[in-house]
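Engineer: Fold the following, please.
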Amino acid sequence: MRTRITRPANLLAFLAFAVGLGLGCTAFGGASSRYAYFTPPARDDAWSPKIAGWQRREVDEQGVSSAASPPVSSPSDSDHRPAAGASNGNLRAKYFDFRAERKRELAQQVAEWIQAQAREHYSADGPIDHWATLEETLEKDGDDCDGLELLTFHALRDLGFDANEVYRAIVFRPSDGQHHMVTLWFENPDDPWVIDPTGAMTLGMPLMSQMPAWVPIKVFSDTVEYTVRPGTRSPGPRNLAANE
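Structural biologist: Numbering: from 1, shown residues only. Okay, here's the model as predicted:
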């Protein structure tokens, strides 16, 4: 169930940039590494035309844009949210603990469901890599990773996850040049959960920091696009700065 997405020429420049910072391939991912997930793409980013083409078709078919509203880490939550298991009898803390646990359980269920469905509905594109819309995937009764991933991307948002927390992501494995499409849920803006629709990258729902063999290179939705770069902290979506 491994799918290759056409590799853009500027990826090599990205990897060279990372190595120049002293981050070899083995350093990507691990608990000590960080990414700036929400940096503006370069004007000549080779991924941008393909992402923009999919965005136009997806928005046209859905009939409504799902642009995000609050920032990734909402101040109204983060100012009061305790660490998991640290409620200590306080009702506010108990509430945020309970809500966080239920959201993780729901996301885990979505991950398990799509990975099970992929065994029956995975269908390779062939020589031409076409990024399907959600409607195309449903009409075709399946697709490869970039089509099946849309079920996760839309399901999480339809089930109440904020649009600014859930993104599509292109990840790259330097060891063999493999590209893959996954969903990232930014419960933590510095270390998102990974939901892989086909299991080619991982099963379950690990954190990106637990995937040292893979490099995230693009994060996008049906309305926005970002480039992932090595960094000490993710600044949050730039288009939401007015709400921070």
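Engineer: what about Asp158, neighbour count?
Structural biologist: 9 (other C-beta atoms under 10 Å). Heads up, the C-betas are built off the backbone N, CA and C, glycines and all.
Engineer: So, low pLDDT: which residues of this structure?
Structural biologist: Applying pLDDT under 70 to the chain flags residues 1-33, 64-88, 232-244.
Engineer: can you give me the strands in it?
Structural biologist: Along the chain, the stretches classed as strands by DSSP state E are 35-39, 166-173, 178-185, 193-195, 215-220, 225-230.
Engineer: Need those strands in JSON lines (columns: distance to Leu159).
Structural biologist: Putting the strands of the chain into JSON lines (distance: least, C-beta to C-beta, whole Å) gives the following:
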{"stretch": "strand 35-39", "distance to Leu159": "22"}
{"stretch": "strand 166-173", "distance to Leu159": "10"}
{"stretch": "strand 178-185", "distance to Leu159": "11"}
{"stretch": "strand 193-195", "distance to Leu159": "13"}
{"stretch": "strand 215-220", "distance to Leu159": "20"}
{"stretch": "strand 225-230", "distance to Leu159": "23"}
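Engineer: what's near enough to touch the residue nearest to the spatial centre of the chain?
Structural biologist: Ranked by distance to the mean C-alpha position of the chain (C-alpha atoms, centre = their mean), the top residue is Leu184 at 2.6 Å. Taking C-beta atoms under 8 Å, 6 or more residues apart in numbering, we find Leu184 in contact with Tyr37, Val166, Tyr167, Arg168, Ala169, Pro192, Trp193, Val194, Ile195, Met208, Pro216, Val219.
Engineer: export the residues you listed to TSV and tack on distance to Asp44?
Structural biologist: Formatted as TSV, the contacts of Leu184 follow (distance: C-beta to C-beta, whole Å):
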residue	distance to Asp44
Tyr37	20
Val166	28
Tyr167	22
Arg168	21
Ala169	21
Pro192	27
Trp193	31
Val194	28
Ile195	30
Met208	26
Pro216	20
Val219	18
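Engineer: wait, which of these is closest to Thr202?
Structural biologist: Relative to Thr202, the closest of these is Val194; by C-beta to C-beta it sits at 6.2 Å.
Engineer: from what I can see that closest one touches Met208, true?
Structural biologist: Yes: between Val194 and Met208 a contact is recorded at 5.6 Å, counting by C-beta atoms under 8 Å.
Engineer: residue boundaries of the helices in this protein?
Structural biologist: For the chain, helices defined by DSSP state H occupy the ranges 10-20, 48-62, 75-78, 91-121, 134-140, 145-158.
Engineer: quick one: buried residues of stretch 136-156?
Structural biologist: 136-137, 142-156 (16 or more other C-beta atoms under 10 Å).
Engineer: circling back to that earlier point, nearest to Met201, of the strands of the chain?
Structural biologist: The closest of those to Met201 is strand 178-185. By C-beta to C-beta, the value is 5.2 Å.
Engineer: centre of the chain versus that closest one, how much separation?
Structural biologist: Mean C-alpha position of strand 178-185 versus that of the full chain (C-alpha atoms, centre = their mean, to the nearest Å) differs by 6 Å.
Engineer: Alpha carbons of that strand, in CSV - could you do that?
Structural biologist: Presented in CSV, the C-alpha positions along strand 178-185 are these (Å, rounded to 0.1, in the frame of the first residue of the first chain):
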residue,chain,number,x,y,z
GLN,A,178,9.1,7.7,-0.8
HIS,A,179,6.3,10.4,-0.5
HIS,A,180,3.1,9.9,1.3
MET,A,181,-0.1,11.8,2.2
VAL,A,182,-1.3,11.8,5.8
THR,A,183,-3.5,13.8,8.1
LEU,A,184,-1.9,15.9,10.9
TRP,A,185,-4.0,16.8,14.0
